[in-house]
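K.L.:
Okay, predicted coordinates and the sequence, questions at the end:
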Amino acid sequence: MGEAKRRKQFEHSDVQKAQLERVLEVAYRTTRAGMSAARAATAPAERRRELAEVHRQTGGLVDELTQQYFATDPNGQQTNESLACRRGCSFCCHVNVQVTVLEAVAIAEHLQDAADLKRSLLTAAPVTAGLRPAQRLDRRIPCPLLRDGACSIYAQRPRACRAHTSFNADWCEEALTCGDSAALPPVTSFAWPRTVSKAITHATTMALEHEQAQAIPVEMTQAVALILQDATAIERWLGGEAVFAPYRT
Ligand code: SF4
């Protein structure tokens with residue numbers, strides 16, 4: 001992809017601006033509704049299901065609008081063909097993953113019925129605790145949810161994973177294998193999915209703040225491990241406690 005086209009991906013068309021407005025509105029409304037439903041629920045399991053539903057409804061917007069771009073934008077097809085991301089390529093799945101608390105709840109709910117994945121995540125949590133992103137990458141510690149080079153929770157994967165792309169897998173491999181990833185420039189990626197994801201995060205954060213709940217970005221493995229191991233964590237978070245502060249990214 002030429003430099004002019006690369007720059008153009010940061011300029012939003014009127015269609016994209018309208019799509020971002022809709023994303024902000026949907027994510028804000030869905031989060032407020034999910035929080036209300038969770039607080040009105042009578043059982044902890046029902047509360048967690050209501051919260052998990054928010055990610056199910058909003059996470060897919062990143063995929064949906066990315067596919068729309070590929071199908072309708074004049075540069076869409078060429079951008080799609082330029083991306084190096086393929087099933088089985090997992091160089092990027094060796095990093096800390098930033099999620100909202102609602103995404104962490106959705107993943108924890110998913111793992112309740114997946115004993116093997118749950119065990120992997122709980123084993124990985126103490127190993128990766130406190131590692132900075134570059135340290136985690138340089139130690140080549142894979143995401144505990146990676147299986148045979150593919151994401152085992154693909155439909156529930158975090159937005160950060162949905163939004164991450166690369167135009168060159170060699171760059172991703174070099175970042176993983178060079179031993180000093182912090183010294184490399186960031187991998188160049190397609191901006192639009194990241195923009196959509198950031199809009200969802202922004203609206204979700206605003207909604208959680210309006211709901212008087214801790215609204216910080218957290219590290220996925222640590223936050224999910226806490227939810228799986230501490231039955232009171234979500235109850236306390238709904239009550240306004242700063243439960244996830246140690247896992248802030
Ligand atoms: S959640 Fe899935 S896509 Fe994201 S880092 Fe883990 S294995 Fe990769």
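P.N.:
Done, it's in.
K.L.:
in this protein, which spans are strands?
P.N.:
Assigned by DSSP state E, the chain shows strands spanning 98-99, 146-147, 150-151, 218-219.
K.L.:
could I get these as CSV with mean pLDDT and mean neighbour count?
P.N.:
All C-beta spots, glycine's among them, are computed from the backbone N, C-alpha and C. Below are the strands of the chain laid out as CSV (pLDDT from 0 to 100; neighbours: other C-beta atoms under 10 Å):
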stretch, mean pLDDT, mean neighbour count
strand 98-99, 98, 22
strand 146-147, 96, 16
strand 150-151, 96, 16
strand 218-219, 98, 24
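K.L.:
And those strands: which comes nearest the ligand?
P.N.:
Taking C-beta to the nearest ligand atom, strand 150-151 is the member of the strands of the chain nearest to the ligand, at 3.1 Å.
K.L.:
how about the closest one, does it get close to the ligand?
P.N.:
Yes - using C-beta under 6 Å from any ligand atom, strand 150-151 reaches the ligand at Cys151.
K.L.:
Partner strands of that strand and their direction?
P.N.:
Its sheet considered, strand 150-151 pairs with strand 146-147 (antiparallel) by DSSP bridges.
K.L.:
Close to the ligand: what parts of this structure are there?
P.N.:
93, 97, 143, 145-146, 151, 153, 157-158, 161.
K.L.:
Quickly check the residues you listed for the two that are furthest apart.
P.N.:
Greatest spatial distance in the residues of the chain next to the ligand: Leu146 and Pro158, 13.1 Å, computed using C-beta to C-beta.
K.L.:
and Leu20, what does it touch?
P.N.:
Listed by C-beta atoms under 8 Å, 6 or more residues apart in numbering, the contact partners of Leu20 are 12, 195-196, 199.
K.L.:
ok, the residues you listed vs Thr205, which is closest?
P.N.:
Thr205 lies nearest to Ala199 out of the contacts of Leu20, by C-beta to C-beta, at 10.8 Å.
K.L.:
so how many other residues sit close to the closest one?
P.N.:
Using other C-beta atoms under 10 Å, the number of residues around Ala199 comes to 21.
K.L.:
Go ahead and confirm it touches Val26.
P.N.:
No - applying C-beta atoms under 8 Å, one finds Ala199 not in contact with Val26, separated by 9.8 Å.
K.L.:
re the thing from before, of the contacts of Leu20 - the most surrounded one?
P.N.:
Most crowded among the contacts of Leu20, counting by other C-beta under 10 Å, is Val196 at 25 neighbours.
K.L.:
pLDDT weak spots in this protein?
P.N.:
1-10 (pLDDT under 70).
K.L.:
quick one on the thing from earlier: okay if I get the contacts of Leu20 as JSON lines plus distance to Val187?
P.N.:
Output for those, formatted as JSON lines (distance: C-beta to C-beta, whole Å):
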{"residue": "His12", "distance to Val187": "22"}
{"residue": "Thr195", "distance to Val187": "17"}
{"residue": "Val196", "distance to Val187": "19"}
{"residue": "Ala199", "distance to Val187": "22"}
